[in-house]
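Trainee: Task: produce atomic coordinates for the following.
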Amino acid sequence: MTASVPAMGSAPAGGNRAQTTTKLSVLRRKIAARLVSVKNETAMLTTFNEVDMSEIFRIRKQYKEEFAAKHGIGLGFMSFFTKAVTRALKLYPDVNASIDGDFKINYDFADISIAVSGPKGLMVPVLRNAENMTLRGVEANIKDLATKVRDGKITVDEMTGGTFTITNGGTFGSMLSTPIINPPQSAILGMHNILQRPMAIDGQVVIRPMMYVAMSYDHRIIDGKESVGFLVAVKEAIDNPVEFLMDGNERKALEL
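Mentor: As a prediction, this is how the structure comes out:
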């Protein structure tokens, strides 16, 4: 139900100052309440870094057509970031944890929630045991879950139980943000827009495709040293994906 009501205050002659009042959907009200509770109930901080996307651009340019022809899916950025996150979670296990009352719960698996924009708003379907997935496996699962979100067929079970979230505001042009933790998780990684920027490399100024990344975390369970170390681990993996993210099987699959 919508209603147009006169705006408060005087208006210039002939000026249109009508307002429209629309009741928030049940989903939007629940999301709003959840986000407010995160702000009120966690000690949320955000740390930032930047990643060089040059190597991932090179890999995608060289192999994306063969990858798509062989697997029927694109070779996107999210698979590299998902693998970088699962690697970093092994190095910093407290980031892959949650608080339950007076107890800390650590998870030996990485169920990664991937933020997907759908007709009813932002949804976060979960990649179960993402730590065991290949690049192809991540891309295939994300494609399947994103299709369900956009078709309105995603289930509650498919959006429940993640241990860490990745969100990509860069798809909408965001340059930098402070993502909000997805409870009961303790951290979230925000990806952003990729821009060509001048960088000083080995004493030379070169143009590189750079992305700012942000990690919001619950300081009650994650210390600053761990949060910074985690984000640096993500950075080194994205800067050098062949060395840190691609084992022999992955390299063979892309003929690297």
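
Trainee: quick one: the strands in the stretch 1-150 of the chain?
Mentor: With strands called from DSSP state E, counting those that start in this stretch, the stretch 1-150 of the chain shows them at 2-6, 18-22, 44-52, 97-100, 103-106, 112-114, 116-118, 121-123, 126-127.

Trainee: How many neighbouring residues does N40 have?
Mentor: 7 (other C-beta atoms under 10 Å). Quick note: C-beta positions are derived from backbone N, CA and C, even for glycine.

Trainee: returning to what we had before: ranked by average pLDDT, which of the strands of the stretch 1-150 of the chain falls at the bottom?
Mentor: Mean pLDDT per stretch puts strand 2-6 lowest among the strands of the stretch 1-150 of the chain, at a mean of 52.

Trainee: I'd like to know which of the strands of the stretch 1-150 of the chain lies nearest to V232.
Mentor: Closest to V232 of the strands of the stretch 1-150 of the chain is strand 44-52 (C-beta to C-beta; 6.7 Å).

Trainee: Now do that closest one: which elements does it pack against?
Mentor: Strand 44-52 is packed against strand 204-218, helix 224-239, with contacts defined by 3 or more C-beta pairs under 8 Å, 6 or more residues apart in numbering; DSSP states H and E.

Trainee: Mind pulling up the pLDDT for A110?
Mentor: Here the pLDDT value assigned to A110 is 98.

Trainee: OK, contacts around it?
Mentor: A110 makes contacts with V85, T86, L89, N96, N129, A130, E131, T163, F164, as judged by C-beta atoms under 8 Å, 6 or more residues apart in numbering.

Trainee: from those residues, which ones fall inside helices?
Mentor: V85, T86, L89 (DSSP state H).

Trainee: Identify the residue spatially nearest to the last one, adjacent ones excluded.
Mentor: Spelled out, that is L89. N96 (4.2 Å; C-beta to C-beta, 6 or more residues apart in numbering).

Trainee: isn't S54 right up against I207?
Mentor: No: in this structure, S54 is not within contact of I207 by C-beta atoms under 8 Å, at 9.7 Å.

Trainee: neighbour count winner among those two?
Mentor: S54 (17 against 10).

Trainee: any idea how far V242 is from that one?
Mentor: Going from S54 to V242 by C-beta to C-beta, to the nearest Å gives 12 Å.

Trainee: go on, M210?
Mentor: M210 is 19 Å from V242, where distance means C-beta to C-beta.

Trainee: More neighbours: which of the two?
Mentor: It is M210, of M210 and V242, that has more neighbours when counted by other C-beta under 10 Å, with 18 against 14.

Trainee: I'd guessed the more buried one sits against D52; true?
Mentor: Yes: between M210 and D52 there is a contact under C-beta under 8 Å: 6.1 Å.

Trainee: Show me whatever sits in contact with both of the two.
Mentor: By C-beta under 8 Å, 6+ apart, the residues touching both M210 and D52 are M199.

Trainee: Can you tell me, leaving aside adjacent residues, what's nearest to T155?
Mentor: K148 is the one closest to T155 (C-beta to C-beta, 6+ apart), at 7.9 Å.

Trainee: neighbours around that neighbour, how many?
Mentor: By other C-beta under 10 Å, neighbour count at K148 equals 18.

Trainee: now it: how far from M159?
Mentor: K148 is 10 Å from M159, by C-beta to C-beta.

Trainee: Ok, G169 next?
Mentor: 19 Å.

Trainee: One more: L89?
Mentor: 20 Å.

Trainee: So the two - more neighbours on which side?
Mentor: Just comparing L89 and M159: by other C-beta under 10 Å the higher neighbour count belongs to L89, 25 against 17.

Trainee: Does the more buried one touch F164 like I think?
Mentor: Yes: using C-beta under 8 Å, L89 is in contact with F164, at 6.4 Å.

Trainee: list the residues that contact both of these two?
Mentor: Shared contacts of L89 and F164, counting by C-beta under 8 Å, 6+ apart, come down to V95, N96, A110.

Trainee: Perfect, that will be all.
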